[in-house]
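Asks: Return atomic coordinates for the entry below.
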Amino acid sequence: MQLIDLGAEVEYIDIDTEKVPYDFSVKLGDKTFSFTIRYNEVGGFFTADLAVAATGEVLAYGDPIRYGRPMFGTIEDERFPLPVIIPLCLTGDDVDTITWENMGKTVKLYLFERRAA
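Replies: Numbers count the residues shown, from 1 in each chain. You can find the predicted model right below:
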């Protein structure tokens, strides 16, 4: 967890660009999910694969990670993580794009509570 200016704790998924491409697991809500983070050198962007760890069921493959946009938003259903995952910079720096230099450092994959529909 990281403390931000407002004194609120904000949870995020830590990304280590030194390991890209790599796989890791994260427990979100009552399920554990497997993530694979890759970097597309030609397009200059990161992508994420998402699977249910217990079954290996792939929920998303090669989903682009875009600054300020919820991950997996166009394809999610009830099998997806409970929190909304949004790549953001909360340091006050003027950031609007994810780069190799800021991913996992100033830009993190923050977890936000999903609002009921």
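Asks: gap between Phe46 and Leu82?
Replies: Distance, Phe46 to Leu82, using CB to CB, to the nearest Å: 23 Å. Using the backbone N, CA and C atoms, a C-beta is placed for each residue, glycine as well.
Asks: Counting neighbours, go ahead and name the busier of the two.
Replies: Phe46 (25 against 12; other CB atoms under 10 Å).
Asks: Then that one would be within a helix, right?
Replies: No: counting by DSSP: H, G, I helix; E, B strand; the rest coil, Phe46 is not found in a helix; it is strand.
Asks: Show me the longest strand that occurs in the chain.
Replies: When the chain is parsed with DSSP state E, its longest strand is strand 31-40.
Asks: List the buried residues in it.
Replies: Across strand 31-40, burial judged by 16 or more other CB atoms under 10 Å covers 33-37.
Asks: same check, this time on stretch 17-30
Replies: Neighbour-count burial for stretch 17-30 [16+ other CB under 10 Å]: 17, 26.
Asks: Begin at 833, not 1, for the rest of this chat.
Replies: All right, first residue 833 from here; so that's stretch 849-862.
Asks: contacting residues around that stretch?
Replies: 845, 848, 864-871, 878, 885, 913-915, 932, 935-936, 943 (CB atoms under 8 Å, 6 or more residues apart in numbering).
Asks: Stretch 936-948 too?
Replies: 834, 842-849, 860, 897, 899, 903, 914-923, 925, 927, 930.
Asks: which residues of this structure score low on pLDDT?
Replies: 833-842, 906-908, 947-949 (pLDDT under 70).
Asks: can you pull out the helices in it?
Replies: Assigned helices in the chain: none (criterion: DSSP state H).
Asks: Show me what the residue positioned nearest the centre of it bridges to in the sheet.
Replies: Centroid-nearest residue in the chain, with CA atoms, centre = their mean: Leu941, separated by 3.9 Å. As for beta bridges, Leu941 partners with Ile845, Pro919 under DSSP bridges.
Asks: Next one: it from Thr864, what distance?
Replies: 16 Å.
Asks: try Trp932
Replies: 28 Å.
Asks: what about Glu873, neighbour count?
Replies: Count around Glu873 with other CB under 10 Å applied: 8.
Asks: For it, list the residues it contacts.
Replies: Here Glu873 is in contact with no residue (CB under 8 Å, 6+ apart).
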